[in-house]
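Next comes the sequence, and after it the predicted model I'd like to discuss.
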Amino acid sequence: MQQTLRRLDGVANVKVELLSGNVTITPKPDGGFDPASVLKLTYDSGVSVTAISITATGHIVKNSTGELIFAVTPKINYPIVGGAFADKLQALAASGATVRMRGSIYAKPPGKEKKSKESPPLKFEVQEVM
Amino acid sequence: MRHKRIWLLLFASLLFAPQVLAGVEQVNLKVEGMT
């Protein structure tokens, strides 16, 4: 698992804790690593990812429908689920400031669903604005 | 001379200004079925 993840584009370091099932990936600072690539890779390697959370720096922008988007790089952007941070995020979107946030982008749906090779649409559920 | 000093100061401030880089810093996974 560790070696498989290390082979992904843009990965600098991978730390695996077998007992807890926690895996920490540190991407290279070039911004080329897409967290969504992990879902496809782990599907192919036979393990099951139950949750993915990320810490990232980017901008908050509004799309054409007014939905807030966390734009990390031109290729990596997620619709935001603001929750308790909704007001603060609206203000940050208006200011155009760079923002560093931690949040969940994937949680395995409850129940025994058939595995799909297609990765589900990822949303950024804000846990902390730093 | 004075202009030269101002340009030098401007250059130095740009060189050492803290840069905010966008990107993913860390990814945490919770995984089942690892061996």
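On my side now, so go ahead.

The helix or strand of chain A with the lowest mean pLDDT packs against which elements?
Sorting the helices and strands of chain A by mean pLDDT, DSSP states H and E puts helix A:36-45 at the bottom, at a mean of 79. Packed against helix A:36-45 by the contact rule (3 or more C-beta pairs under 8 Å, 6 or more residues apart in numbering or on different chains; DSSP states H and E) you find helix A:2-6, strand A:48-62, strand B:23-32. Just so you know, the C-beta spots here come from the backbone N, C-alpha and C atoms, and that holds for glycine as well.

by contact count, what packs against the last one?
By that I understand strand B:23-32. Contacts defined by 3+ C-beta pairs under 8 Å, 6+ apart place strand B:23-32 against strand A:22-27, helix A:36-45, strand A:48-62.

what would these look like in JSON lines with mean neighbour count?
Below are these laid out as JSON lines (neighbours: other C-beta atoms under 10 Å in any protein chain shown):
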{"stretch": "strand A:22-27", "mean neighbour count": "19"}
{"stretch": "helix A:36-45", "mean neighbour count": "17"}
{"stretch": "strand A:48-62", "mean neighbour count": "19"}
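
got the residues of chain A near chain B?
Remark: the part of chain A in contact with chain B comprises A:1, A:16, A:18, A:21-27, A:29-31, A:33, A:35, A:38, A:42, A:46-59, A:71-73, A:76, A:98, A:100, using C-beta under 8 Å from any C-beta of the partner chain.

Kindly recompute the last result at 7 Å.
A:1, A:18, A:21-27, A:29, A:31, A:33, A:35, A:38, A:42, A:46-58, A:72-73, A:76, A:98 (C-beta under 7 Å from any C-beta of the partner chain).

Quick check: nearest residue in space to the residue in chain B that chain A sits nearest to, chain neighbours excluded?
Of the residues in chain B, the one nearest chain A is residue B:23, at a distance of 3.6 Å by C-beta to the nearest C-beta. Beyond its immediate neighbours in the sequence, the residue positioned closest to residue B:23 (C-beta to C-beta, 6 or more residues apart in numbering or on different chains) is residue A:31, lying 3.6 Å away.
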